[in-house]
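>>> What shape does this take:
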Amino acid sequence: MAPSIGAPSKKVRVNPMMYVGSDGRFFFASKAGADPHTDWYHNLLAHPRVTAEIGAAPKDLEAVPLGGSEWDRLYATRAEVFPGFAEYAEQTSRTIPMIELIPA
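Below is the predicted model of the structure:
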């Protein structure tokens, strides 16, 4: 994903990361079960507009945190496909955020 804007610095940040696609929707999360949230998560909360390279062409998107029953359903589905996600959730006391990228 590139670029996003740093929350306190307002500098452009580039953060390559894995995403999971499902029914035309794109999601990402994690920090491998570490306790603090990632810096990019805080950046996206402060500045949700991003440009992401998904496939061949960059796309202008907005990052939307998921919560509630949708988070429960989608995280469980991701954990079935990628068992590491279940392990990440067991390693930390925080709720691992899931972010959906939607067209801006």
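
>>> in the protein, which spans are helices?
Assigned by DSSP state H, the chain shows helices spanning 39-46, 68-81, 83-91.

>>> Can you tell me which of those helices is most buried?
helix 39-46 (a mean of 18; mean count of other CB atoms under 10 Å). To be clear about C-beta, it is placed using only N, CA and C from the backbone, and glycine gets the same treatment.

>>> Could you list the residues in contact with it?
For helix 39-46, contacts defined as CB atoms under 8 Å, 6 or more residues apart in numbering pick out 1, 4-7, 13, 15, 17, 31, 50, 63, 65, 97, 99.

>>> Report the contact partners of Gly55.
By CB under 8 Å, 6+ apart, the contact set of Gly55 is empty.

>>> What of Gly33?
So Gly33 contacts Glu87, Tyr88, Ala89, Glu90, Gln91, Thr92, Ile96 (CB under 8 Å, 6+ apart).

>>> Skipping adjacent residues, who's closest to Tyr88 in space?
Gly33 (3.6 Å; CB to CB, 6 or more residues apart in numbering).

>>> If you could redo that for Asp35, that was the one I meant.
Counting by CB to CB, 6+ apart, the residue nearest Asp35 is Thr92, at 5.2 Å.

>>> So what does that neighbour have for phi and psi?
Dihedral pair for Thr92: phi -140, psi 160, per degrees, to the nearest 10.

>>> which stretches of the protein have low pLDDT?
Low-confidence segments of the chain (pLDDT under 70): 1-3, 18, 22-24, 26-30.

>>> please redo it, this time with the cut-off set to 90
1-47, 49-61, 63, 66, 71, 73-75, 77-104 (pLDDT under 90).

>>> Any chance you could list what contacts the longest strand seen in it?
Counting by DSSP state E, the longest strand found in the chain is strand 57-65. Residues outside strand 57-65 that contact it (CB under 8 Å, 6+ apart): 2, 4, 26, 44-45, 48-53, 97-104.

>>> Just give me the neighbour total for Ser4.
Residues lying near Ser4 (other CB atoms under 10 Å) number 23.
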